[in-house]
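**Student:** here is a sequence with its predicted model. Questions after.
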Amino acid sequence: MVRMIRALHGWLAILIVPWVLMMGVTGLYLNHPETFKSFLPDSDFDETLFDVWPTAAPVDEAGAKAIAVASIPDARFKRSTKPRYHGRDVIRWDSPDGDVIVVAATGHYWVKKFYTRTTYSPEGRRLDTRVYWSRLFRRLHQFGWYDKSLGTFFSDLTGVMMIVFGLTGIVLFFTRKSDSAAGGSVSVRRSGTPRPQRLVLRK
């Protein structure tokens with residue numbers, strides 16, 4: 001029985017390590033986001049460059065819709081009523097798969113998804129990508145996965161395995177303690193055991 005508990009304890013230690021590390025890191029980030037952000041890559045693109053862009057071109061609603069469809073194919077877009085973004089007049093198309101926000105005056109656009117926002121030139125060249133670290137770490141900490149497709153399965157599973165890991169550890173601790181109190185087993189070193197001497201019969 002003790003051997004089975006020890007094996008279960010060992011396997012649980014291997015299985016839960018990735019999620020324990022993830023919970024630890026994401027928990028620290030949520031408590032100290034500013035400290036972590038100083039080590040994580042962030043967006044540093046200057047959007048005032050839109051105003052002096054050599055190939056800037058105004059875009060109407062139909063042109064913005066074409067950009068949206070090309071950026072996120074098969075998405076079901078809905079015209080947003082929000083007229084401004086980052087201090088600029090925009091034409092915005094939203095969908096469950098992400099939003100496409102087009103600057104009406106210059107043709108620059110952003111493709112905004114749950115974890116990222118990517119900036120593009122009017123020609124479709126990627127200029128910058130910003131990661132929403134807070135959203136990502138909060139989602140990982142809460143669900144144990146990067147999206148909600150599996151619900152809280154990984155988070156709950158990790159919690160159950162940690163409970164079993166703790167209980168098996170307690171059992172092994174007290175089992176070892178009771179064995180030590182009882183004197184334990186006696187080990188015999190073969191090299192320290194005297195060998196019988198050979199008898200020689202004299203005539």
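**Tutor:** Ah, there it is.
**Student:** with adjacent residues omitted, what lies nearest to the spatially most central residue of the chain?
**Tutor:** By Cα atoms, centre = their mean, the chain has its centre lying nearest to residue 140, at 5.0 Å. Spatial nearest neighbour of residue 140, excluding adjacent residues (Cβ to Cβ, 6 or more residues apart in numbering): residue 26 at 5.0 Å. (Each C-beta comes from the backbone N, C-alpha and C, glycine too.)
**Student:** how distant is the strand or helix carrying residue 3 from the center of its chain?
**Tutor:** Following DSSP states H and E, one finds residue 3 within helix 2-31. Centroid separation for helix 2-31 versus its chain: 15 Å, with Cα atoms, centre = their mean, to the nearest Å.
**Student:** and if you look at stretch 76-92?
**Tutor:** 30 Å.
**Student:** show residues contacting that stretch.
**Tutor:** 47, 50, 59-61, 64-65, 68-69, 93-97, 99-105, 110 (Cβ atoms under 8 Å, 6 or more residues apart in numbering).
**Student:** how's the chain carved up into domains?
**Tutor:** 2-36+137-166, 42-132 (automatic domain parsing).
**Student:** can you pull the poorly scored residue ranges out of this protein?
**Tutor:** Applying pLDDT under 70 to the chain flags the ranges 146-151, 154, 177-203.
**Student:** mind listing the strands for it?
**Tutor:** In the chain, the strands defined using DSSP state E lie at 78-79, 84-85, 88-94, 99-103, 109-112, 116-120, 126-131.
**Student:** adjacent strands (with direction) for the longest one?
**Tutor:** Yep, that's strand 88-94 we're talking about. Using DSSP bridges, strand 88-94 pairs in its sheet with strand 78-79 (antiparallel), strand 84-85 (antiparallel), strand 99-103 (antiparallel).
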